[in-house]
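Undergrad: Take this sequence and fold it.
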Amino acid sequence: MQEETLMKQVEELAQKEKMEIYKISAATKQGIEELINYVEKTLKTLPKEELVEIEEKRIYTLEEKQDQWSIKEENGVFMVTGRAIERLMGRINIEDNESMYYLQKTLKNMGIEQKLKEMGVCEGDTVILADWELEWYE
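TA: Model prediction:
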């Protein structure tokens with residue numbers, strides 16, 4: 001009896017607010033087709049609008065600029081210095097293979113590898129990156 005009273009109150013409220021009510025049951029599928037038909041009909045009457053607003057996106061990157069590093073060679077030792085290399089070496093774990101792969105890839109992407117080659121670095125030469133002394137190999 002309580003459900004009937006509650007349903008009557010909902011129907012009165014819907015009538016007062018000029019709203020449609022659809023009684024549905026997931027178990028018996030009763031009323032579902034009528035509800036779907038009503039939704040479809042209502043959607044067709046709505047004005048066409050762009051559903052997704054396209055906003056101008058800003059992309060922020062932490063790219064190291066080429067002028068944030070420099071290389072000098074003294075007695076066959078190549079010293080790479082600058083803010084970019086200090087930041088890079090702060091992210092590297094020398095004892096981790098993946099980290100060393102990341103270092104090699106980043107040196108190439110930053111143009112440091114190419115510059116070292118232009119300056120004559122050879123396999124076995126000492127390269128100092130910030131405070132780290134490494135042996136160059138390809």
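Undergrad: okay, CA-based contacts and neighbour counts for the rest of this
TA: Fine.
Undergrad: Would you check how far apart N75 and E118 are?
TA: Plainly put, N75 is 16 Å away from E118 if you go by Cα to Cα, to the nearest Å.
Undergrad: So which of the two has more stuff around it?
TA: More crowded of N75 and E118, by other Cα atoms under 10 Å: E118, with 9 against 6.
Undergrad: Spell out, range by range, the strands that occur in the protein.
TA: 70-74, 77-81, 126-129, 132-135 (DSSP state E).
Undergrad: and the third one, what's its mean pLDDT?
TA: Per-residue confidence for strand 126-129 averages out to 92 on the pLDDT scale.
Undergrad: go on, the first one?
TA: Mean per-residue pLDDT for strand 70-74: 91.
Undergrad: Could you pull out the buried residues of it?
TA: Going by neighbour count (16 or more other Cα atoms under 10 Å), the buried part of strand 70-74 is I71, E73.
Undergrad: List the strands paired with that strand, with their directions.
TA: According to DSSP bridges, strand 70-74 forms sheet pairs with strand 77-81 (antiparallel).
Undergrad: Name the residues of the strand it pairs with that are buried.
TA: Within strand 77-81, the residues that count as buried by 16+ other Cα under 10 Å are F78, M79, V80, T81.
Undergrad: Tabulate the CA atom coordinates of that strand in CSV.
TA: Presented in CSV, the C-alpha positions along strand 77-81 are these (Å, rounded to 0.1, in the frame of the first residue of the first chain):
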residue,chain,number,x,y,z
VAL,A,77,88.7,14.9,-22.0
PHE,A,78,85.3,16.3,-23.1
MET,A,79,83.4,18.4,-20.5
VAL,A,80,79.7,19.0,-21.0
THR,A,81,78.4,21.7,-18.7
